[in-house]
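**Student:** sharing a sequence plus its predicted fold:
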Amino acid sequence: MSTSLDHAQALLPRETPVRLIDQNGAAFADDTYALPSAERLVAAYGALVNGRRLNDQCSALVRQGRMAVYPSSHGQEACQVAASLVLGENDWLFPTYRDTVAIVNRGVTPEEALVLLRGDWHSGYDPHRTRVAPQATPLATQLLHAVGLAHAATLRGEDTVVMALCGDGATSEGDFHEALNFAAVFMVPVVFFVQNNEFAISVPLAKQTHAPSLAHKAVGYGMPGQRVDGNDVAAVMAVLTEAVDRARAGGGPSLVEAHTYRMQAHTNADDDTRYRERDEVKAWVERDPLTRMRAYLSTAGLLSADDEEALAAEAETMASDLRDALNREVEVDPEDLFKYVYADRPAHLQRQWSQLQDELARSDAWASGADAETSGTHGSAQGNNGTKELAS
Amino acid sequence: MSTSLDHAQALLPRETPVRLIDQNGAAFADDTYALPSAERLVAAYGALVNGRRLNDQCSALVRQGRMAVYPSSHGQEACQVAASLVLGENDWLFPTYRDTVAIVNRGVTPEEALVLLRGDWHSGYDPHRTRVAPQATPLATQLLHAVGLAHAATLRGEDTVVMALCGDGATSEGDFHEALNFAAVFMVPVVFFVQNNEFAISVPLAKQTHAPSLAHKAVGYGMPGQRVDGNDVAAVMAVLTEAVDRARAGGGPSLVEAHTYRMQAHTNADDDTRYRERDEVKAWVERDPLTRMRAYLSTAGLLSADDEEALAAEAETMASDLRDALNREVEVDPEDLFKYVYADRPAHLQRQWSQLQDELARSDAWASGADAETSGTHGSAQGNNGTKELAS
Amino acid sequence: MTLIDHPVDAKATAQVETMTMAAALNRALADAMAADESVLMFGEDVGALGGVFRITDGLTARFGEKRCFDTPLAESGIMGFAVGLAMNGMRPVVEMQFDAFAYPAFEQVVSHVAKLGNRTRGAVRMPMVIRVPFGGGIGGVEHHCDSSEAYYAHTPGLTVVCPATPQDAYSMLRAAIESPDPVVFLEPKKLYWSKGPVDTSVREPLGVARTVRDGSDVTVISYGSSVQIALDAAAVAESEGRGVRVVDVRTLTPCDDDTIFAAVRATGRAIVVAEAAGFASVASELVARIQENCFSHLEAPVLRVTGFDVPFAPPKLEKYYLPDVDRVLDAIDRLGWES
Amino acid sequence: MTLIDHPVDAKATAQVETMTMAAALNRALADAMAADESVLMFGEDVGALGGVFRITDGLTARFGEKRCFDTPLAESGIMGFAVGLAMNGMRPVVEMQFDAFAYPAFEQVVSHVAKLGNRTRGAVRMPMVIRVPFGGGIGGVEHHCDSSEAYYAHTPGLTVVCPATPQDAYSMLRAAIESPDPVVFLEPKKLYWSKGPVDTSVREPLGVARTVRDGSDVTVISYGSSVQIALDAAAVAESEGRGVRVVDVRTLTPCDDDTIFAAVRATGRAIVVAEAAGFASVASELVARIQENCFSHLEAPVLRVTGFDVPFAPPKLEKYYLPDVDRVLDAIDRLGWES
Ligand SMILES: Cc1ncc(C[n+]2csc(CCOP(=O)(O)OP(=O)(O)O)c2C)c(N)n1
Ligand SMILES: Cc1ncc(C[n+]2csc(CCOP(=O)(O)OP(=O)(O)O)c2C)c(N)n1
Ligand SMILES: [Mg+2]
Ligand SMILES: [Mg+2]
């Protein structure tokens, strides 16, 4: 417990979210946070264009039935891009199901990223290669993993920083509380980054919390909290960078809340007309993070029409590669069910796999026209009951 | 989410805990909190004397082997007494294992209260009679029950207020977070009262939280937090009364942190010499809540030597009644194991009880000298193996 | 056929309608809320949205925000809040959005929901229902297809039920809400959109198994989405000359031993079918108690057809994981018929 | 006697000492921490206090606060923190203070600890140990005596073990810490102060049952504190002329079917003894798999002697709840000897 109480004031976030570039693309000075360099802003814009294209391509692939479900971060790309751009190579990212753009920006290929949502496997990439944890589904649970992983690095004297993402809804879970508390008590280099997009599926923020802001929760753990305009990529980068730098310097964790908006339904399976007005959604269109950045960069002479075209082309290539990839049927291997449950396959799983193999062999035999009597012990039964499905 | 951010300041606790009477018994004026009436203070002192006697009697009963374990609130009696005295008849109290003094002060008899710690049953009183929930063991879980119970009352238009108790350690649990959040979102009339006694068994507060104070957590839920000297019964009563009044008036929940100290080991089973210095404990002796109150009341002419004697005699009667009660052997009925699991006993539990009855009958028969051959199907086995125990 | 006749509540007008299980559950909630003011429905997205499966559709509109409402996103919170409401005269019905998202509430369920009645010698009871959309067969991603019934069924003090038809969904949910004890109400997601007749005047106690199909050679015991697999297998087996009795246990615990044992004693052979991983499962229990109590009637071991002992499969591998008709038929074939 | 010989690690000097199970566990932790820097021990009160059962006594003093430390009081936090450490090169060993206080961590255990290796196709493994002081027989109050093994054993991906002797406590904890997979290490509280010889050079793989006593008429299968009950019952039964083989399964899952089935096939009769409530328990599973695999060898049903299906008893009623020698002997008597 920190003894100096006046410290509490320093932990509270601002009364209005930090903003460095307004909706019209005009930059203004801030006492604390400097505008990121032109180079970083241009890189960020490229990532925004790519991220938007990825979001929209994925939604299209769902409509076309190539993928079961996609939780889009359309409208939240500034947060997605900033969360990965502020990290160094050895840093880690702990994403949720909605953070596909962030992980792709960090080096996971779109195809690997979509393995989960295509239904091929539960996760499609090696977390150690890109230092990106598997996208988390159970809300807020990953925040604790982030704290543990960061602590392990600290124990070894490494200067790794971990960026842990979650949504506004997830802040209500007990694990959110426990993660922030552990991080603060052990002074662990984690930046908790909440994308407050106003909704947890259908539940608006007002039903999620009565707090002045989500960033105000930080003081209860003795860590600094800050609020930022989540559609201003410059501001998100500036605020996150400060938090990352502090963490790396041994200053401990912080909590950053980005104010943004979920422009589309929770996933394509959701019907958001049931719980929000179209006008509310429309009002956020003009706050689009891409428009704003484009305006700023164009005015500043940092983005030519040629640059824009090149970025669009690059994004289009990514999208078309992705379409191709998802049009290729992936071979799934039923043995995978048994392969990874334990490091060494125990006898009972080997027996269960043998049983399945036997079933598959019999149904293959049946499918290839062999005499039904030899293909299984229950004879005609196999012919009548979906063994074709097993043979696929 | 509350829209006015300047509101945040109003939710923060004071930098130093509220105190109305100092360690020497001198009262001083406070801008916000008035000293409770002389009558209430005298009543509080009586309860303190009684509570102290109860704590010490229980510890003695454990040493004498009449009870397995007792988590004493010795030194925390001001919190115990205030938590129950500020409640109205229809209000509810949600206590922990350490809050025996509080529940006895609320009308649970000491004998009922000790059923748990004697090992007769899991709880010994009807919660509805005294409006005291069973003493909770799993930390922080009861806070949610308190919120639900209060909400039910509100839905029916009743003006019940609920006092929910927990320790400093319990504030780290996810359920603490979820309870405060639910209470704030639903504007439920609950007062969360944390007795910060500096330890969770062996773990000091500094390892529990990095927050400026536990009361600072309130702002993260949008409810007022306050800190109070937990050894000043006048201040605890004043602060809790304000919180109870606000809750009753529809102003929602609040969080109160009392700064106190666990003067004895966690329970008699604990060895606190392993983790704290004797000097630290001694330093708190002079902050004893009883001494302070006696000094104030005597100086103010509210407590004569006769009064003191009368209070001591009353407490002694309570203690000796309790000794008598615990010296009486309680009949425990094995059928109780099966009686209350469901409202109506299902067939499988009836069968299991019949099996046990059969065992008991056979071992009774054996114990009463009947031929071993007739007392059970495995003959000599019974004689050799603890059937005496079953017959006890 | 020894189909159990549904006892009819004479006072109510019989109203038979064909509907999905989802609609039957929705109707049961609405009827229970209309019948008893103390019934409250809450959880995540159950208000304006009507639940991700629309089971609570229209309830907020009809009964108001105080009766059917969204909570903050915290399952332990939802469960503990329900405990407090149940302590104070309410009959809360909570929805856990998916099976695996009920785990954060596990401590509240095991240490309080299941035990508070016992703890207080019945002075406090827990008349609450925990609705859990559960199981696979819907192509859901990880954490959306767990069959978690064993965790609850192993916990004394809980009543654990699982309907297999729209009729049972309706009648059993009404009974669960009226129960003085806490009920874990498992809703097989795969069956949400399956249709059947529902007579809303039918009321039945929990704890009674249903013989769905008669047969004298082997009994197949199952629940939830496995009942249809058992019936399909029975049809095939019949075409091969084997009479299969199918029992839907419906209430997993407390378990209707009488019906189950009578069936197994009559047929001498039995199979238990359930989707959950088999190890230390409800299927294990059914096998154990059957062989303990029907041993001398058994011509063959009681076999299990269950999920493999692996985490639930991703969508594309689901078909390999889930028990199906062939696997049940294979098991029947292994019941020592040659002897 | 078919006692399994403990394979000796040739390099280590054999060191046999008599000690309590608590001391053996403490020694195992210390030796593992000395052998491997990545082993961390943490939880509630495990630092200065040495744990409420003193299992971690002296570890902070010897290895420092970074290796053995107290955490904030939050079990889900402890478990999730351990997951992150295990993802990043550490071998965390966590202590849940008592069985029922592990429930808040249930979601982390079921949804992550058990599944992360599978989720990532083995790219991430979870080499961690969850130590759970468990079970009754110590006169503990509510929430301090749960036998929670079924919850873990039902969950694919976990290895669940339970030692019955100081030697196994030592060897199995060393093996658990070295395992690449997450191990739930159940420590029978009742046995903490029981003494026995410990040879610290003994290393054995997990997953192997132990035949503790030979006998040819009936096999009693158990684990943890029930093993001694089985042995005591065996001694009495022998005096009545019945040879009782006693098998300590030690690893509950993955289960050593070979040893168990061989024993039951040899004796033709079997009893499973465990303290947990019987319904959908590990005992159910053992019964189910034995009858599935040894049916033709069985002279009688496999019976269970377990806790009743009620919440664990308060201290004064504990003796009625817990399986004891008489109950085991009664069960043996019911194994159809007349036939
Ligand atoms: C423990 C848990 N409970 C419930 C869910 C189901 N669920 C998935 S996303 C979601 C809403 C999350 O909202 P938020 O945290 O704001 O993130 P967003 O989807 O807006 O990015 C819910 C309830 C879950 N995944 N995990
Ligand atoms: C969920 C849970 N975890 C662990 C415990 C074991 N335990 C009992 S009391 C205690 C310390 C509690 O400290 P605090 O909340 O400060 O209360 P105090 O005992 O100081 O009154 C612990 C760890 C428990 N009862 N419940
Ligand atoms: Mg959101
Ligand atoms: Mg404390």
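**Tutor:** Structure's in. What do you need? Residues are numbered from 1 along each chain as shown, chains lettered A, B, ... in the order given. Ligands and ions are numbered 1, 2, ... in the order given.
**Student:** quick check, the residue in chain A closest to ligand 3?
**Tutor:** Closest contact between chain A and ligand 3, by CB to the ion, is at residue A:167 (3.7 Å). Quick note: C-beta positions are derived from backbone N, CA and C, even for glycine.
**Student:** actually chain C, not the one I typed
**Tutor:** Going by CB to the ion, ligand 3 is nearest to residue C:73 of chain C, at 9.1 Å.
**Student:** now do the contacts for that residue.
**Tutor:** A:139, A:169, A:170, A:172, A:173, A:200, A:203, A:208, C:44 (CB atoms under 8 Å, 6 or more residues apart in numbering or on different chains).
**Student:** CSV for those residues, including distance to residue C:337, neighbour count and pLDDT?
**Tutor:** Formatted as CSV, the contacts of residue C:73 follow (distance: CB to CB, whole Å; neighbours: other CB atoms under 10 Å in any protein chain shown; pLDDT from 0 to 100):
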residue, distance to residue C:337, neighbour count, pLDDT
A:139, 51, 26, 98
A:169, 55, 26, 98
A:170, 55, 24, 98
A:172, 57, 28, 98
A:173, 53, 29, 98
A:200, 55, 24, 98
A:203, 56, 24, 98
A:208, 60, 27, 98
C:44, 50, 28, 98
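**Student:** which of those residues are close to chain B?
**Tutor:** Contacts with chain B within the contacts of residue C:73, counted by CB under 8 Å from any CB of the partner chain: A:172, A:173, A:208.
**Student:** the first one contacts residue C:74, correct?
**Tutor:** I take that to be residue A:172. Yes: with contact defined as CB atoms under 8 Å, residue A:172 counts as touching residue C:74 (4.5 Å).
**Student:** shared neighbours, the two?
**Tutor:** In contact with both residue A:172 and residue C:74: B:178, B:181, using CB under 8 Å, 6+ apart.
**Student:** one step back: what two of the contacts of residue C:73 are the furthest from one another?
**Tutor:** Using CB to CB, the contacts of residue C:73 span at most 13.2 Å, a distance reached by A:173 and A:203.
**Student:** now do residue C:183: how many residues are near it, please.
**Tutor:** Applying other CB atoms under 10 Å in any protein chain shown, we find 27 residues neighbouring residue C:183.
**Student:** give the contact list for it.
**Tutor:** Contacts of residue C:183 by CB under 8 Å, 6+ apart are C:128, C:129, C:130, C:158, C:159, C:160, C:161, C:176, C:206.
**Student:** name the nearest residue to it, sequence neighbours excluded.
**Tutor:** residue C:176 (3.9 Å; CB to CB, 6 or more residues apart in numbering or on different chains).
**Student:** what about residue 234, neighbour count?
**Tutor:** Defaulting to chain A. Here the number of neighbours of residue A:234 (other CB under 10 Å) works out to 29.
**Student:** that's the wrong chain, I meant chain C
**Tutor:** 25.
**Student:** endpoints of stretch C:125-138, how far apart?
**Tutor:** 36 Å (CA to CA, to the nearest Å).
**Student:** that one close to ligand 1?
**Tutor:** No: on the criterion CB under 6 Å from any ligand atom, stretch C:125-138 is out of touch with ligand 1, staying 11.1 Å away.
**Student:** near chain B at all, that stretch?
**Tutor:** Yes: applying CB under 8 Å from any CB, one finds stretch C:125-138 touching chain B at residue C:125.
**Student:** do you know how far whichever residue of the stretch 151-300 of chain A sits closest to chain B is from residue C:126?
**Tutor:** Here the stretch 151-300 of chain A gets closest to chain B at one residue, residue A:174, 1.8 Å apart by CB to the nearest CB. Remark: distance between residue A:174 and residue C:126 (CB to CB, to the nearest Å) = 21 Å.
**Student:** hmm, back to that, show me what the helix or strand hosting the residue nearest to residue C:183 is packed against.
**Tutor:** Here residue C:176 sits within helix C:166-178, counting by DSSP states H and E. Judged by 3 or more CB pairs under 8 Å, 6 or more residues apart in numbering or on different chains; DSSP states H and E, the packing partners of helix C:166-178 are helix C:21-35, strand C:129-134, strand C:159-161, strand C:183-188, strand C:195-199.
**Student:** tell me the contacts of the residue in the stretch 151-300 of chain A that ligand 2 sits nearest to?
**Tutor:** Going by CB to the nearest ligand atom, ligand 2 is nearest to residue A:174 of the stretch 151-300 of chain A, at 11.4 Å. Contacts of residue A:174 were listed using CB under 8 Å, 6+ apart, and they are A:140, B:173, B:174, B:175, B:177, B:178, C:74, C:76, C:77, C:104, D:76, D:104.
**Student:** nearest residue to the middle of the chain?
**Tutor:** Answering for chain A, as no chain was given. residue A:99 (1.6 Å; CA atoms, centre = their mean).
**Student:** I was after chain C.
**Tutor:** Using CA atoms, centre = their mean, the most central residue of chain C is residue C:162, at 0.9 Å.
**Student:** alright, I will stop here.
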